[in-house]
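> dropping the sequence and predicted coords here.
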Amino acid sequence: MGRLSFASHHHHVISPKPLVICCKSELLPMLHANPASRQRKRVALAIRIHFRFSYLSFYHFIIFTSINLWALELIHALAVSLVLRLTSATCYALQL
């Protein structure tokens, strides 16, 4: 019952640690795969639930999650800019 399942009731979460594992292994890849969807709300919800269970773990969770999210955002931005540069360079080469 320790693992967080968004389909079940949230008050069934007992230990904060499985939540961190769940968020790191499942939520972050989903967030990266589909940044514009409801996944951000789910991560925010997980953080709020986590806050209720353990203040100390909460700070560790926030630090690791924000580092991971920052890294994902950075990688995503770099990938997008690289793709845009490649496509614009290809279009320019085709025009010549």
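In hand now; what should we look at?

> in which helix or strand would I find Thr90?
Secondary structure assignment for Thr90, by DSSP states H and E: helix 55-95.

> quick one: mean pLDDT over that helix.
Helix 55-95 shows a mean pLDDT of 72.

> measure Leu69 to Ile75 for me?
11 Å (Cβ to Cβ, to the nearest Å). All C-beta spots, glycine's among them, are computed from the backbone N, C-alpha and C.

> the more surrounded of those two?
Leu69 (16 against 11; other Cβ atoms under 10 Å).

> quick one: the more buried one and Leu86, what's the gap?
26 Å.

> could you do His76 as well?
16 Å.

> one more: Leu94?
12 Å.

> ok, the two, which is more surrounded?
Leu86 (10 against 7).

> what residues are up against that one?
By Cβ atoms under 8 Å, 6 or more residues apart in numbering, the contact list for Leu86 is empty.

> how much space separates it from Val80?
11 Å.

> burial count for Trp70?
When counting by other Cβ under 10 Å, one arrives at 10 neighbours for Trp70.
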